[in-house]
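**Q** Sequence and predicted structure are below.
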Amino acid sequence: MRSSDGPLQDLLVRRATFVNEVRGRFVVTSIQEDTQVSTSDSESSDKSSADANSPVSDSELSKVLQCPICLDTISAPVLLPCCKNSFCAGCIKKWHDGQVDKNKTCPLCQKSFGTIDSPRFPNNLTLQQVVEAKRQYHSEEKARTSQMQQDLHIKDQELHALDQEIHALDQELHAKDQEIAALQRKIEAVLKDASSASGSRDALKDVHDTRVNPSVP
């Protein structure tokens, strides 16, 4: 391993830890959601207990909270005495005012609910509370989702910055490696030249010794 790999290794460890931390947050959330689904499936296997204990799904709740006239989430719900069905106060008033016959009839059961020109139906306070609770829940869910998306965006930016830092350091280390390799080649060339020069000097010395002392073998 290169001696300069330390900073890069530290960054890689930081990146791995960072990614695992971010993933861990959402893996836990996913596991919790899967556990809830699994629990719901397990409960549904026992129909007798599921019908009594299992929570109402969002789609089922939306149908319950739907005005039979406008088919939207009921607003300011009022209760008709004829069939105990609830309608938007504005919707049933329009229905009432639009009927020519003075003996007004319910849009669902078709029974008469009065002959007065300006009916006063009791407010369905329980249903209104459910509607408000549902709206509050969805508002909070939307806020949580938005916050989670913002957190993910920030983490993504941090991860991108960390990747850039790792890339820059890796390029710097690569350049250093090239410099070291070039320096090693120069050193090897110098040593080779020095070895050749030493060999030449030894050869000249032998020739000189032979001439000076011919008796020397």
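**A** That came through, no problem. Residues are numbered from 1 along each chain as shown.

**Q** how close does residue 134 get to residue 64?
**A** Relative to residue 64, residue 134 is positioned 10 Å away (C-beta to C-beta, to the nearest Å). (Each C-beta comes from the backbone N, C-alpha and C, glycine too.)

**Q** quick one: which of those two has more around it?
**A** residue 134 (16 against 13; other C-beta atoms under 10 Å).

**Q** In the chain, what helix or strand scores lowest on average pLDDT?
**A** helix 47-53 (a mean of 48; mean pLDDT, DSSP states H and E).

**Q** Downstream of that one, the next helix or strand is which one?
**A** Next helix or strand after helix 47-53 toward the C-terminus (DSSP states H and E): helix 58-64.

**Q** Can you spell out which helices and strands pack onto that following helix?
**A** The helices and strands touching helix 58-64, judged by 3 or more C-beta pairs under 8 Å, 6 or more residues apart in numbering; DSSP states H and E, are helix 125-212.

**Q** what mean pLDDT would you report for the helix it packs on?
**A** Averaging pLDDT along helix 125-212 yields 81.

**Q** which other helices and strands contact that helix?
**A** Partner elements for helix 125-212 (3+ C-beta pairs under 8 Å, 6+ apart): helix 5-44, helix 58-64, strand 77-79.

**Q** Just give me the lowest mean pLDDT stretch among these.
**A** If you rank the helices and strands packed on helix 125-212 by mean pLDDT, helix 5-44 sits at the bottom with a mean of 56.

**Q** Just say helix, strand or coil for the closest residue to residue 83 other than its chain neighbours.
**A** Leaving aside its sequence neighbours, residue 83 sits nearest to residue 109 (C-beta to C-beta, 6 or more residues apart in numbering; 4.1 Å). Put simply, residue 109 is coil when judged by DSSP: H, G, I helix; E, B strand; the rest coil.

**Q** For residue 109, give me the backbone phi and psi.
**A** Here is the backbone geometry of residue 109 (degrees, to the nearest 10): phi -90, psi -10.

**Q** tell me the contacts of it?
**A** Contact analysis of residue 109 by C-beta atoms under 8 Å, 6 or more residues apart in numbering lists 82-83, 85.

**Q** Quick one: buried ones out of those residues?
**A** For the contacts of residue 109, a burial check counting by 16 or more other C-beta atoms under 10 Å picks out 82, 85.

**Q** Much appreciated, bye for now.
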